[in-house]
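1. output the structure for:
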Amino acid sequence: MNARSFLVFAVTAVALVAVTALAFATGRYPVAFADLLRVLWAWLGGAPHGLDSAIETVVLQIRGPRVLAALLVGAALAAAGAAYQNLFRNPLVSPDILGVSAGAAVGAVLGIFLSLGMVAIQSMALAGGLAAVAMVYVVAQAVRGHDPLLVLVLVGVVLGSLLGAFVALMKYLADPYNQLPAITFWLLGSLASVNPRDLWLAGPLMLAGLLPLWLLRWRINVLSLDDEEARALGVATVRIRLAVIASATLMTSAAVAISGVIGWIGLVIPHFARLVTGPDFSRLLPVSIVLGAGFLVGVDTLARSIADIEVPLGVLTAFIGTPLFLWQLTAARRGRQ
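-> From the prediction side, this is the model:
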């Protein structure tokens, strides 16, 4: 990592710490930064904080799991988006291009429709996302004589449309007083109901998906070349491509299982990170992770603070992500002129 890359990463990391501290301090029960530091120091084994127990409850039990979930989900979606954009050689690709979000939605909606518990719903969402991408990959492998990346995208779009129709059917058949509101709430995305158990279940899966991307970061760079050129450089394109898809899908499925469908992060954040780091995946990945984590923490803080009722994360990320992405496109176009 050269000096410029280190400076970019350091600035984004400092911004992430600031946004995280603001998230812990902001809400219906404001917490002073000094009190926040005292509570965290006591939790780490330092001196007793001597504060009202309500402050400790707010910081560690109410906001703590939610902020950590936002960090993990934002980082996972941004990392998956960066990997897919390098894999498909297209900066307009998002993590749900192969139908992972649609598959997770089918699993969660089916669980809600069957009136299952939260753990079962999250497990079905995770399994649905993994199964959808596995199906896309198997079907794409059966199609010969065409560009494999193009076939993957086309099959993903088709299967995603089919799964979306299934979700619409379940919404039509659902009980309008109990099941339909729960389905709609999940599809719009939220971290309001996250608890420590969710972090213990989904966190390791997200980290397990991230590790191969980091270990393969140099080979993922080579995937941006044509397959023939990549193979000439000694890269097993088929195996590396499968590893990238499996890792990104695992991260995205685990994230969507605990947060619902949250769009735009995997599209906008890697694109923005690429503007400051360049296309090198070894620099793009860590900056995307930090920016994605900070972005979702900031959006989640805004979602629970701007109104008397909580704004769904999927709605807010769309309102913020759309103009941001359009600005990125116009800025990139002016830079080429």
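2. for Ala230, give its distance to Arg283.
-> Using CB to CB, to the nearest Å, one gets 20 Å for the distance from Ala230 to Arg283. C-beta here means a position set from N, CA and C on the backbone, and glycine is covered the same way.
3. with neighbour numbers in mind, choose between those two.
-> Between Ala230 and Arg283, counting by other CB atoms under 10 Å, Arg283 is the more crowded of the two (22 against 19).
4. surely the more buried one touches Thr277?
-> Yes. With contact defined as CB atoms under 8 Å, Arg283 counts as touching Thr277 (4.3 Å).
5. so where's the stretch 51-200 of the chain uncertain?
-> For the stretch 51-200 of the chain, applying pLDDT under 70 flags the ranges 145.
6. can you show me the helices along it?
-> Assigned by DSSP state H, counting those that start in this stretch, the helices in the stretch 51-200 of the chain fall at 53-56, 64-87, 100-113, 118-142, 148-173, 179-188, 196-215.
7. next, format the ones you listed as TSV and append distance to Gly234 and mean neighbour count.
-> Shown next, in TSV, are these (distance: least, CB to CB, whole Å; neighbours: other CB atoms under 10 Å):
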stretch	distance to Gly234	mean neighbour count
helix 53-56	55	14
helix 64-87	18	28
helix 100-113	30	27
helix 118-142	23	20
helix 148-173	19	16
helix 179-188	44	18
helix 196-215	16	17
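8. packing partners of the strand or helix carrying Leu302?
-> Per DSSP states H and E, Leu302 falls inside helix 281-303. Counting contacts by 3 or more CB pairs under 8 Å, 6 or more residues apart in numbering; DSSP states H and E, helix 281-303 packs against helix 3-25, helix 64-87, helix 196-215, helix 217-222, helix 265-277, helix 313-336.
9. residues contacting the most centrally placed residue in the chain?
-> Centroid-nearest residue in the chain, with CA atoms, centre = their mean: Leu77, separated by 2.1 Å. Going by CB atoms under 8 Å, 6 or more residues apart in numbering, Leu77 touches Pro95, Met251, Thr252, Ala255, Ile262, Ile265, Gly266, Ile269, Gly292, Leu296.
10. try Leu72
-> Contacts of Leu72 were listed using CB under 8 Å, 6+ apart, and they are Leu199, Ala202, Gly203, Met206, Ala255, Ala293.
11. state the distance from Glu228 to Thr237.
-> In this view, Glu228 and Thr237 are 9 Å apart by CB to CB.
12. now do Arg283
-> For Arg283, the distance to Thr237 - CB to CB - is 22 Å.
13. next one: Pro270
-> Distance, Pro270 to Thr237, by CB to CB: 21 Å.
14. the more surrounded of the two?
-> Set Pro270 next to Thr237 and count neighbours by other CB under 10 Å: Pro270 wins out with 33 against 19.
15. tell me the pLDDT of the more buried one.
-> What the model reports as pLDDT for Pro270 is 92.
16. again with the one 3 residues further on
-> Among the per-residue scores, Ala273 shows a pLDDT of 90.
17. kindly report the same for Ser259.
-> On the pLDDT scale, Ser259 gets 94.
18. quick one: contacts for the residue nearest to it when sequence neighbours are not counted?
-> Spatial nearest neighbour of Ser259, chain neighbours left out: Val73 (4.8 Å); criterion: CB to CB, 6 or more residues apart in numbering. Taking CB under 8 Å, 6+ apart as the criterion, Val73 is in contact with Leu191, Met206, Ala255, Ile258, Ser259, Ile262, Leu296.
19. surely the second one is in contact with Ala255?
-> Yes. Proximity of Met206 to Ala255 meets the contact threshold set by CB under 8 Å, at 6.3 Å.
20. shared neighbours of these two, anything?
-> In contact with both Met206 and Ala255: Leu72, Val73, Ala76, using CB under 8 Å, 6+ apart.
21. may I see the buried residues of the helix or strand where Ser247 lies?
-> Assigned by DSSP H and E, Ser247 belongs to helix 237-259. The neighbour-count check on helix 237-259 (16 or more other CB atoms under 10 Å) flags 237, 240-241, 243-259 as buried.
22. residues in contact with the residue nearest to Leu68 when sequence neighbours are not counted?
-> Closest residue to Leu68 apart from its sequence neighbours, by CB to CB, 6+ apart: Leu199 at 5.8 Å. Neighbour list for Leu199: Pro65, Leu68, Ala69, Leu72, Ile258 [criterion: CB under 8 Å, 6+ apart].
23. right, so of the helices of the stretch 51-200 of the chain, which gets closest to Gly321?
-> helix 64-87 (11.5 Å; CB to CB).
24. before we move on, back to that, now the residue nearest to Leu68: how far from Asp52?
-> Separation of Leu199 from Asp52 (CB to CB): 26 Å.
25. again, but for Ile269
-> Using CB to CB, one obtains 37 Å as the distance from Ile269 to Asp52.
26. looking at these two, which is more packed in?
-> In terms of neighbours (other CB under 10 Å), Ile269 is the more surrounded of Ile269 and Asp52; the figures are 29 against 10.
27. for the more buried one, what are its contacts?
-> Neighbouring residues of Ile269 by CB under 8 Å, 6+ apart: Gly74, Leu77, Ala78, Gly81, Ala82, Ser288, Leu291, Gly292, Phe295.
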